[in-house]
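Asker: one predicted model, sequence on top.
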Amino acid sequence: MLVRFKLAALKETQAHEYLVRFALGGLTTVAAGLVADYGGPALGGLMLAFPAIFCASATLIEKHERTKKRSKGLHGARRGKEAAALDAAGAAWGSIAMAAFAVAIYLLATGSPAVCLVRACLIWLAVAVGLFLARRRLRKTTV
């Protein structure tokens, strides 16, 4: 399964699905705030690193893929699970890039805040693109 950007997917999503994503993302943020109040800012920051939309997006992706296949007379359960798994893998890889960002902020925080932020963003971008390319190259060698 290839990763691609598809604007037509916006038309496939119904309004209540956006509401579910918004609500779950908001609840995750509230939970992070409560954890920060209880356990301190370090623990709260770790909680904020959790992809807030992931919970909703994984289930919605699975449902959309299953519905597409059923409209063509196929069962679609396997395709739905594969699409959700791809989303989960992307979230995991993205979390690694976010961890690199956090480490960069921690290590570079002695100078100017703006310079530190720019450097950390560049490190995040380099790690994210590097992981994407590595996964792509790995996929080509195993196929």
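Answerer: Received, thanks.

Asker: contacts for stretch 36-46, please.
Answerer: By Cβ atoms under 8 Å, 6 or more residues apart in numbering, the surrounding residues in contact with stretch 36-46 are 32-33, 35, 47, 102. All C-beta atoms are positioned from the backbone trio N, CA, C, and that covers glycine.

Asker: centre of the chain to that stretch, how far?
Answerer: Computed by Cα atoms, centre = their mean, to the nearest Å, the chain-centroid distance of stretch 36-46 equals 21 Å.

Asker: what's the distance between the spatially most central residue of the chain and residue 21?
Answerer: By Cα atoms, centre = their mean, the chain has its centre lying nearest to residue 91, at 3.5 Å. Computed with Cβ to Cβ, to the nearest Å, the distance linking residue 91 and residue 21 is 14 Å.

Asker: buried residues in whatever helix or strand the residue nearest to the centre of the chain lives in, which are they?
Answerer: Applying DSSP states H and E as the criterion places residue 91 in helix 77-108. Under the neighbour-count criterion of 16 or more other Cβ atoms under 10 Å, helix 77-108 has 79-80, 83-84, 86-87, 90, 93-94, 97-98, 100-101, 104-105, 108 buried.

Asker: just checking, what packs against it?
Answerer: In this structure, helix 77-108 makes packing contacts with helix 54-71, helix 113-142, judged by 3 or more Cβ pairs under 8 Å, 6 or more residues apart in numbering; DSSP states H and E.

Asker: now render these as JSON lines, adding mean neighbour count.
Answerer: What follows is these, written out as JSON lines (neighbours: other Cβ atoms under 10 Å):
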{"stretch": "helix 54-71", "mean neighbour count": "17"}
{"stretch": "helix 113-142", "mean neighbour count": "13"}
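
Asker: thank you kindly, that will do.
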